[in-house]
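Q: build the 3D model from these lines:
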Amino acid sequence: MRLARDMEVTRKNFEESLEIVTKAIEEASFITIDGEFTGLNVSGSSHTGPLDTPEERYHKLLEGSTDFLLIQVGICAFIYDGSAKRYTAKPFNFYVFPRPYTRHAPDRRFLCQCSSLDFLVSQGFDFNKLFREGISYLSPPEEKRMREDIEQRHQQHQMSFYSPGLTSPDGGEQTVPKGPIAIPEEHSEFINNICCKVEDFLTNSEDETLELMPCTAFQRKLLYQTLGTKFPQEIHLQSKSGEKNQRFLVVTRVKGEGDIKKKEDQKQQEDFAELDRAVGFTKVMKVISQSGKLVVGHNMLLDLIHLLGHFFYPLPESYEEFKLMARCIFPRLLDTKLMANTQPFKEKILMSGLSDLKKTVEQEPFCKSDVVIPEGFGHHYMETEQLHEAAYDAFITGLCFISMANYLGKFQDPPAGILPPASPLLEPFVNKLFMMRLIDIPYMDLTGPDLKPTRDHVFHVTFPATWRTSDLFQLFSPFGNIHITWLDDVSSFVSLAKKEAADSVLKTLCKKGTPYRITTYDEFKRRGKEKNGRLTSSGHSVSKKRPSSSEDVDIPSKKQKQKSLNVNAAPFQSKLTPTNTPEKADPESAAREEESMSTAEEEQGKGDTGTSSEVDKAEKMFEVPETWE
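A: Residues are numbered from 1 along each chain as shown. Predicted coordinates:
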């Protein structure tokens, strides 16, 4: 079978494509994934900052990003061909839209961000296709509720045949009996006409079914009651929707109670089949989860949050529960953005945006990955760049991963031309997600405690609203280079490049009668925790006058000498072994790929995954000084 527009999957061809997608995932050596969203952050929500902890960053994304919709998912299965010694890539581009398939189904509300939609349109995104042909989906809890609702409604409906008029056929509490509804005078003529029409159908027609005219929910309730009483063993009633979602009743001729029960059982099975179709794209995500395969993304934290929240379970408030949930659903994750910003790659890769990364790893000292795409699976991706189409981004994420992994293979003894996804050399990067624009914490560790660098050199400063950057520089000028993170018009974090000068700041600047107030970072966080019941990054509103945290400034000292920042954090330590058990801030935003936003480099890693010769060499490869250059 050939997919529409090669690998494009919509609700029109989803059912017939599902088998192809499932087979590709099952055959894959690893899988890459990418998403496009209706927005990035809610106005007024907490801005991400360079001094966030991973826990704070998670809570900020939970608060400010999860009301947006994931509208396109790109998945690419990379299948290794041992005889040809190359990969075959099968990309799939899914338009996803959670339309309610019945009036009982969840009817989501979601936010849109104009800049994000404008960006997607500029990249050729087809919103008409999204809303008309997007694949529906239900999370497992939603599917469970809908299944229970179907069972309850059919149970009540069956009761209505034995006690017509005592039960509402459209739902309601089964245990609360309802008396017969008196037919209002204005509806009596309509009901009588329908009764005559049904009687004529039973007497004079040889047809098996009769479609009644569209009517209101109240009129349908009256018809259920009246026709059920008048023709208790002769007809079966079923509510259906027309082309314009107008609901009407279908009368089916039956022969006795047994035939009625058979019709009801058949209708229930049809409802379950319709529910199964409504589960939609969630089926694909379940296959990926159950495969236990390595899932690769680029700057993938936001992607992961949306994938978990939309297709699996509600995101927990607890950060530790989120990490546990992520590990259970996707046992092995790898972020190419983190790889590119970590030794041994960081000094060879100057720009780690996805497009720039692809260009870099196609040149020395890397080797362009040998990958083919079969006809019918987006073969045009081999010649045409289509950035910000989710499937294309997933495809080139895989190309970048293969090139960087094969570069690591050179450190094996003997060197490996193609490094398999299960190689211990990759373990230092597994289940660690890149943290955008953090000064001293390069990644979120899904398998254990996050890095906790000392921040004794960081101070919270409050001051008059008239102060500017130059005033802070003048205040801290005796202590060398500083990094300023604005919180609002009257406060900021100030970080010293010379950490040993922290004690001098407290002794020299903490005086009574000054227009400013200086507090240590730890003291400020402790007070914030006591006040809010949870650690927050700032507790301040965003300044309308000052730069946001994405525009933090480094003020050089008079000597203009760049200093290294010691993060005092342990290098990569991973004990996870491959298993076969069961973020990216969005590419829509230019800020997503701005490398200038990061004011310090990521920590170099060190592998600790075994005792074999290649693992020993991996450990040496990640053995670097404690300071960041």
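
Q: just say helix, strand or coil for the closest residue to I441 other than its chain neighbours.
A: Closest residue to I441 apart from its sequence neighbours, by CB to CB, 6 or more residues apart in numbering: L451 at 5.2 Å. Placement of C-beta: from N, CA and C, glycine included. Here L451 is coil, with the state taken from DSSP: H, G, I helix; E, B strand; the rest coil.

Q: double-check L451 against D445; I have them as touching.
A: Yes. Contact criterion CB atoms under 8 Å: L451 and D445 qualify, at 7.3 Å.

Q: more neighbours: which of these two?
A: Neighbour tally, L451 and D445, criterion other CB atoms under 10 Å: the higher count belongs to L451, 21 against 17.

Q: now the end-to-end length of stretch 305-317.
A: Using CA to CA, to the nearest Å, the end-to-end distance of stretch 305-317 comes out at 12 Å.

Q: hmm, who's touching it?
A: 33, 35, 37, 58, 61-62, 65-66, 68, 70, 73, 98, 137, 139-141, 281-282, 285-286, 289, 322, 325-326, 329, 583 (CB atoms under 8 Å, 6 or more residues apart in numbering).

Q: at 7 Å instead, please
A: Residues from elsewhere that reach stretch 305-317 (CB atoms under 7 Å, 6 or more residues apart in numbering): 35, 37, 61-62, 65-66, 70, 137, 139-141, 281-282, 285, 322, 325-326, 329, 583.

Q: name the nearest residue to L237, ignoring sequence neighbours.
A: In this structure, L237 finds its nearest non-sequential neighbour in L249, 5.5 Å apart by CB to CB, 6+ apart.

Q: quick check: next helix or strand after the helix or strand the one you found falls within?
A: Assigned by DSSP states H and E, L249 belongs to strand 247-253. Counting by DSSP H and E, the element after strand 247-253 in chain order, helix or strand, is helix 256-279.

Q: gap between that next one and the chain center?
A: The chain centre lies 34 Å from the centre of helix 256-279; the measure is CA atoms, centre = their mean, to the nearest Å.

Q: just the CA coordinates for the helix or strand just after that helix, please, in PDB.
A: Per DSSP H and E, the first helix or strand lying C-terminal to helix 256-279 is helix 282-291. C-alpha atoms of helix 282-291 as PDB (Å, rounded to 0.1, in the frame of the first residue of the first chain):
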ATOM      1  CA  THR A 282      -2.900   6.700  20.900                       C
ATOM      2  CA  LYS A 283      -2.500   3.200  19.400                       C
ATOM      3  CA  VAL A 284       0.700   4.300  17.600                       C
ATOM      4  CA  MET A 285       2.100   5.700  20.900                       C
ATOM      5  CA  LYS A 286       1.200   2.500  22.700                       C
ATOM      6  CA  VAL A 287       3.100   0.400  20.100                       C
ATOM      7  CA  ILE A 288       6.200   2.600  20.600                       C
ATOM      8  CA  SER A 289       5.900   2.400  24.400                       C
ATOM      9  CA  GLN A 290       5.500  -1.400  24.400                       C
ATOM     10  CA  SER A 291       8.400  -1.900  22.000                       C
END
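
Q: residues in contact with helix 282-291?
A: Applying CB under 7 Å, 6+ apart, the external contacts of helix 282-291 come out as 18, 21-22, 25-26, 31, 75, 137-139, 295, 307, 311, 329-330, 582.

Q: please apply the same query to stretch 180-188.
A: 165, 191, 219, 221-222, 225.

Q: report the mean confidence score over that stretch.
A: For stretch 180-188, mean pLDDT is 88.

Q: also stretch 193-212?
A: 92.

Q: with stretch 498-517 instead?
A: Mean per-residue pLDDT for stretch 498-517: 92.

Q: buried ones in that stretch?
A: Buried residues in stretch 498-517, counted by 16 or more other CB atoms under 10 Å: 499, 501-502, 505, 509, 516.

Q: make JSON lines from these and add distance to L419 and secondary structure to it.
A: As requested, the buried residues of stretch 498-517 are arranged in JSON lines below (distance: CB to CB, whole Å; DSSP: H, G, I helix; E, B strand; the rest coil):
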{"residue": "K499", "distance to L419": "38", "secondary structure": "helix"}
{"residue": "A501", "distance to L419": "45", "secondary structure": "helix"}
{"residue": "A502", "distance to L419": "43", "secondary structure": "helix"}
{"residue": "V505", "distance to L419": "48", "secondary structure": "helix"}
{"residue": "L509", "distance to L419": "52", "secondary structure": "helix"}
{"residue": "Y516", "distance to L419": "54", "secondary structure": "coil"}
